[in-house]
Structure formats: C-alpha cells, structure tokens
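Q: With the input below, show me the fold.
(2 chains)
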Amino acid sequence: MANPTWILETRELTKRLGGKPVVNEVNLAIGRGEIYGFLGPNGAGKTTTIRMLLGLAKPTKGSVHIFGHDIRKERIQILRKVGSLVEYPSYYGHLSATENLEAVRRLLGVPKSRIGEVLSIVRLTKEADRAVKGYSLGMKQRLGIATALLGSPELLVLDEPTNGLDPAGIQEIRELIKSLPGSHGVTILISSHLLSEVEQMATRVGIIAKGSLIYQDGIQMLRERAKSRIRFGVSDPEAAWRLLLSHGYQADWDRRQLSVDRTDDRTVAAIVAQLVRQDHQVYRVEEETASLERIFLEMTGTEGSL
Amino acid sequence: MLRMFRSEWLKIRRSVMWLLIAVSPLIALAFGLFGFKQEGSFPWIEALSLLSALHAMLFLPLLTGIYAALLCRYEHAGGGWKMMLALPVSRTQVYFVKFAVLMLLLAATQLLLLAALLAVGWANGISSPVPWRTIFASLGGGWIACLPLAALQLFASVAFQSFAAPLAVNVICTLPNMLVVNSARVGPYYPWAQPMLAMLPREDYGFGAFNLSLETLTIVVLGSFCVFFAAGWTYFAKRSV
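A: Presented below is the predicted three-dimensional model:
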C-alpha cells in the first residue's frame, strides 16, 4: 500500500531499454507542498523517470503512486490533478498562445477564465494572440508552464523548465516557480542538470546518476555534506607538506598552497607554528567551503560538468 | 469525446488541409467542363465516370495519406503527443478521434466532388433525372473503401516522426493502381486500389477486379479495415512518447 504522507511515491521504478537499465530501482518520495529538485547530469534518466510518472512510458518494473493511487490503474483520475512540462515545451506553432491553451482547456474542461489567469501568471498576456512559432524559447517555456498550470494542478511536474534560457529568463522562471506553492498550494517536482538552479528554491532534492537515485533528502543535509578545508598559502608547498607529514598531519599540496581537512583552532595554530618555526613563509590561512555544485559533481561523476 | 473533437477542430481550423480538400474536386470539375460530351443514354453515369476516374485512382488514395500525415504532423512537430497524452484523456479516444477527423475530411472531399458533378451536369444541361442512388453508391462506396487505407496511413503517420516517410510509401503504392485493378486476384486486396474499385460505375468497366461482386469487395474492405485499425490502435495505446 502507498504511504499516505507522500503525494508522489515510486517503488523500485525501473526502465530497461535494450537490456540496459536507464532508470534503475528508483524510490522517489515527495511530500505535499514541497518543491522537490530532481537533479542529475544529462542522460542520467530524469526525463525517462518523469515520463513513467506521467504514464507516457511504461516501467519495466516497479510502481508509481500519485495521490496514493497507482498510475497504471487510475491514470486519468490522477492526471486531472497533475500539470506537466516534459523535456521541451509542447505547442502548436500555427496557433496563438490563447488558441494553444484553448485546445488544452477543451480537453480539461476548466472554465475559460483560466486562460487569461495563466497567461497573466507567466506574463504572456500581451503576446497571447501571436502565432507561437514566432516566440522566443523563453516565451515557449513560459507558455509550457502556463499550459501546465491551466488545470489548477495539485502536482506540477516541470522537466528542465529553464533549459536553453538566458540568465534573465532563468531568474524569471525561478521567481515564478518559487511563488507557486505559497500562492497556489502546489507541490512541485522540478528537474534540472544544474544544482545551482534549484538550490535556491528546492526544499528537498533527489540526485540521480546513471539511472540510480544516489541521494534523496533535504537540501540542508546536502549542505552539511559540503566539508570545508583549511588552506595555507606558503612559499614552498612541497617542503611544507613533507614537514607536516613528518609531524603526523594529513595534507595535500599543489604549486601554490597546502590544504588540510577542516579541523579545530588549536590544530591550525599548531600547524602554523610548525611552519613558521621551520622558516616557511605563511602568506595566508583561509577556510574554504566546498560549493554544493562540487559535491554534486563528485556525486554524479565528472560527466556532469560536460 | 465531444470535447476532444472540439480541441481537434481548433488545431485544424487554420490548416492547409482546407485547400487540399478542394484540389481534386476542382480538377475533376475542369475535366468535366472541358471534356464532357453528352452522347450516350446515361449522361449522368458517364459524367460520374469521367469525374471520378482520376479522383478515385489517384487523388483519393493520395489525399487519404496526406490528411493522415497532416493530422499527425503538428503533434510530432511541437511535442503535441506527450502534451496531450499527459492530460486526463484516454489514448483510445485520441486515436479514434484522429481517425474520425480523417474520415470526415475524406467525406468533405467526396461531397465537393458531388458538387462538381452536379455543376458539370448543370453546365451541360443534362435533362435526364439525377440518378441519386448510383451517385451516392459511388461516392459513399469510395468513401467506405478508403477505410482500410486510412487506417493504414494513420498507423504509419503515428509511427513515423517524419512527415515525408508515410507519404512516400503512399505515393509509391498509389502509382501502380492502374495495373493492380486489372488483376482480379490482387486488386480487391490492395488497399490503394479499393477506392477506385468501389467508386467507378461498374457498368462501364468489365475487366480485372471490376468483375468481382460488390459484396466481396465490401467484405475485404471491412475485414482489412478492422485488421489495420486494430494494429494502429494497439500500437498507439502501448507506445512510449
């Protein structure tokens, strides 16, 4: 039975394509009102997972429960309360934004006034009567979000909604998404290949790499994983490193500096004293906090940065 | 179901399809106005033969493929399939409505051909009463004979992302129609030739597959339609988008 505290839950969700698992035993759990950041490098299986969540693709194994119901058995009932934007925005280029929304509205059966409402939420009201094929990518993305919002969904699934946008566009979409749970009471699943993009809005994150979910918890926990280090700017890092090693301190060095794991003040003082006693020139001692991005890259492997 | 028709209508309302509907009837009209001579004792049937020859042999099968491809094109191009199928709609409904719209477009084409036929008759001052029964049997029969082909082309158009691929297949398969109808063995089973076999007035053509009874043709048409439609529908219901 599905756990009632989760609005969306997957159990061992698996998709094999040609024998190779693209999504491998993924257990997602998303609570009501959360903004869940679904992270992973390109090709990690995010979109495939999202397709299975929406019933667009069938899992090889495992289950998807949304609002406590099985997507395989009650797909239409569930999708009534889900708005989605998958991979890239979908639109009918020869129609205007209003007509695009109307085509979807007729299927959803929501009041006509919703079209004006969602257009103003994504600030497309002025451009609403132009053919969508002339829109910029950012405007198409916004139309995609408007379409997702049309049915006043309880769960909003946005797959890479900022893909291909310029920094201003990214900022705009981020503000828009942040405002939704507060003003509309929506739960949001947002996927991205950039941690920095969801870091400021997500309450929880799930990280997927090579098809497996390797992390799922609050964003705070992830920050705590960000171990900091102490760096010493010294005149001769290699000699200084040998010195520290001979006194039993674990350290790393490169051409310019020496670094040790974060430690207490007394140890730092002792290290400095050792260095000075051996006539090393100490230019600076500083604490370095690893960025979340680096942890993310370490967790997902270096392909993530490409 | 109705709301889906209304949504589909919105998508095709401003499409090139409306121009295509008129092409074949207009060509037939030109044929009729310039080529028709009132000679025999059944002028209406002769006019019908003249107007429907090219239409049934070439344009009707080609248009079936073009309509099917156009109905799927805007879904493939803009990611419409995944948007529509992530909405609370059943895939079966989506497929049935696409097919129904395709058949409605073909029906509109047939009605325009009827208009062209009546115009030719009027322009030539044909005095004998209009043989409505024969005319409707021909136009309606041609329309029904499009069912298997429509099912096949919709299947292909749904399956191929490309707009051109299903059309190329359609053109290649339509061209040999003239030869295929000569064969009583292959003719009735060839989906592209069925509109022609059903549409041309039988009294005028006594060769090849035209010798077959209308009943045989009907059974083959409906039988193959069921097979092709079921295949396309099952494929669409199961495919990943």
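Q: Now residue A:96: phi and psi?
A: phi -80, psi 170 (degrees, to the nearest 10).
Q: On the strand side of things, show who it bridges to.
A: Beta-bridge pairing for residue A:96 (DSSP bridges): residue A:131.
Q: Quickly note the distance from it to residue B:78.
A: The gap separating residue A:96 from residue B:78 is 13 Å, by Cβ to Cβ, to the nearest Å. All C-beta atoms are positioned from the backbone trio N, CA, C, and that covers glycine.
Q: what's the burial count for residue A:234?
A: Applying other Cβ atoms under 10 Å in any protein chain shown, we find 23 residues neighbouring residue A:234.
Q: hang on, it packs against residue A:255?
A: No - between residue A:234 and residue A:255 there is no contact under Cβ atoms under 8 Å: 11.0 Å.
Q: so residue A:52 sits right up against residue A:58, yeah?
A: Yes - if you go by Cβ under 8 Å, residue A:52 and residue A:58 touch, sitting 7.3 Å apart.
Q: who's more crowded, the two?
A: Taking neighbours as other Cβ under 10 Å, residue A:52 and residue A:58 compare with residue A:52 leading, 25 against 13.
Q: got a list of what the more buried one touches?
A: Residues in contact with residue A:52 (Cβ atoms under 8 Å, 6 or more residues apart in numbering or on different chains) are A:10, A:13, A:15, A:23, A:58-59, A:64, A:71.
Q: Any of those residues buried? List them.
A: Buried residues within the contacts of residue A:52, counting neighbours by 16 or more other Cβ atoms under 10 Å in any protein chain shown: A:10, A:13, A:15, A:23, A:59, A:64, A:71.
Q: Let me see the confidence value for the third one.
A: So the one you mean is residue A:15. On pLDDT, residue A:15 comes in at 93.
Q: Can you tell me the closest non-neighbouring residue to it?
A: Counting by Cβ to Cβ, 6 or more residues apart in numbering or on different chains, residue A:15 lies nearest to residue A:23, which is 4.3 Å off, once chain neighbours are set aside.
Q: picking that back up, okay, and which of the contacts of residue A:52 map to strands?
A: A:10, A:13, A:15, A:23, A:64 (DSSP state E).
Q: coming back round to it: of the contacts of residue A:52, which pair is most distant in space?
A: Across the contacts of residue A:52, the longest distance by Cβ to Cβ is 14.5 Å; it joins A:23 and A:71.
Q: which of the residues in the lowest-mean-pLDDT helix or strand in chain B are buried?
A: When the helices and strands of chain B are scored by mean pLDDT, DSSP states H and E, helix B:177-180 comes last with a mean of 80. Judged by neighbour count (16+ other Cβ under 10 Å), helix B:177-180 contains these buried residues: B:177, B:180.
Q: Next, count neighbours for residue B:100.
A: As a burial measure, residue B:100 scores 14 neighbours (other Cβ under 10 Å).
Q: swap in the one 5 residues further on?
A: When neighbours are defined as other Cβ under 10 Å, residue B:105 has 23 of them.
Q: That one touches residue B:24, doesn't it?
A: No - assessed by Cβ under 8 Å, residue B:105 is found out of contact with residue B:24, at 11.9 Å.
Q: Pull up the overlap in contacts between those two.
A: residue B:63.
Q: Just the endpoints, please. Distance across stretch A:90-101?
A: Terminal residues of stretch A:90-101 lie 11 Å apart, using Cα to Cα, to the nearest Å.
Q: likewise stretch B:85-96?
A: Start-to-end, stretch B:85-96 (Cα to Cα) is 14 Å.
Q: buried stuff in it?
A: Those would be B:85-89, B:91, B:94-96, for stretch B:85-96 by 16+ other Cβ under 10 Å.
Q: same question for it, mean pLDDT?
A: 93.
Q: neighbouring contacts of that stretch?
A: Here stretch B:85-96 has contacts from A:54-56, A:76-77, A:79-80, A:82, A:84, A:86, A:104, A:107-108, A:151, B:1, B:4, B:84, B:154, B:158, B:232-233, B:236-237, B:241, using Cβ under 8 Å, 6+ apart.
Q: try 7 Å
A: Residues outside stretch B:85-96 that contact it (Cβ atoms under 7 Å, 6 or more residues apart in numbering or on different chains) are A:54, A:56, A:76, A:79-80, A:84, A:86, A:104, A:107-108, B:1, B:4, B:84, B:233, B:236-237, B:241.
Q: where's the least confident helix or strand of chain B relative to the chain centroid, distance-wise?
A: 17 Å (Cα atoms, centre = their mean, to the nearest Å).
Q: Keeping just the C-alphas, turn that helix into CSV.
A: Taking C-alpha atoms only, helix B:177-180 is exported to CSV below (Å, rounded to 0.1, in the frame of the first residue of the first chain):
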residue,chain,number,x,y,z
ASN,B,177,-3.2,1.3,-59.1
MET,B,178,-3.9,1.3,-62.9
LEU,B,179,-2.1,-2.0,-63.2
VAL,B,180,-3.4,-3.5,-60.0
